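Visitor: from the sequence below, what's the structure:
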Amino acid sequence: SMADLEALVHPLVRADQTRFLAACTERRVPAALLDIPLLAESGAAPLFDEVVVVTADEAVRRARVLERPGMTEEKLEAILAKQASEDDRLKLAHHVIRTDRSVDDAREQVRAVLKAIREKHGLPQYPEQG
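Guide: Next up is the predicted model:
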């Protein structure tokens, strides 16, 4: 079952995250980024200094998921029923990046978020790469 699979996979993912963060600390990396697809559902958002939520208009999100091979409306509804609502995800956000405009617009939002995080935490400012 999905619950059995999650019970096996989640501790491995957490252990990998812990190793990654320990390596960053050891190397004195000023900031580390984790991509956590189900952060709202995990309840772990308070563990992070900054939460960036990537979103798009509901119709765009649905269309993107439905483009995946083998995906159907029924499968999508079953997935959504198990996930936090978009409102709940957005409530966790310190920063929101919208991806339903253009790629260049999204890149600009990422640059602005990184700049804001660096300023807030007194981190060095770097010229942004691609």
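
Visitor: starting at the chain centroid, how far to whichever helix in the chain runs longest?
Guide: If each helix of the chain is counted by residues according to DSSP state H, the longest one is helix 2-26. Per Cα atoms, centre = their mean, to the nearest Å, the displacement of helix 2-26 from the mean C-alpha position of its chain is 15 Å.

Visitor: can you name the element that comes right after it?
Guide: Proceeding N to C from helix 2-26, the next assigned helix or strand is helix 39-42, under DSSP states H and E.

Visitor: from the rest of the structure, what touches the lowest-mean-pLDDT helix or strand in the chain?
Guide: Of all the helices and strands that make up the chain, the one with the lowest confidence by mean pLDDT, DSSP states H and E is helix 2-26; it has a mean of 84. Among residues not part of helix 2-26, those counted as contacts by Cβ atoms under 8 Å, 6 or more residues apart in numbering are 32, 34. C-beta here means a position set from N, CA and C on the backbone, and glycine is covered the same way.

Visitor: buried set for it?
Guide: In terms of neighbour count (16 or more other Cβ atoms under 10 Å), helix 2-26 has no buried residues at all.

Visitor: cool, stretch 37-49 as well?
Guide: In stretch 37-49, residues buried by neighbour count (16+ other Cβ under 10 Å) are 39-40, 44-45.

Visitor: of all the residues you listed, which comes closest to V54?
Guide: The nearest member of the buried residues of stretch 37-49 to V54, counting by Cβ to Cβ, is L39 at 11.1 Å.

Visitor: touching, that closest one and A45? I think so.
Guide: Yes. The criterion here is Cβ atoms under 8 Å, and L39 meets it with A45 at 5.4 Å.

Visitor: greatest separation within the buried residues of stretch 37-49: which pair is it?
Guide: Looking across the buried residues of stretch 37-49, with Cβ to Cβ as the criterion, the two at the greatest separation are A40 and A44, at 9.3 Å.
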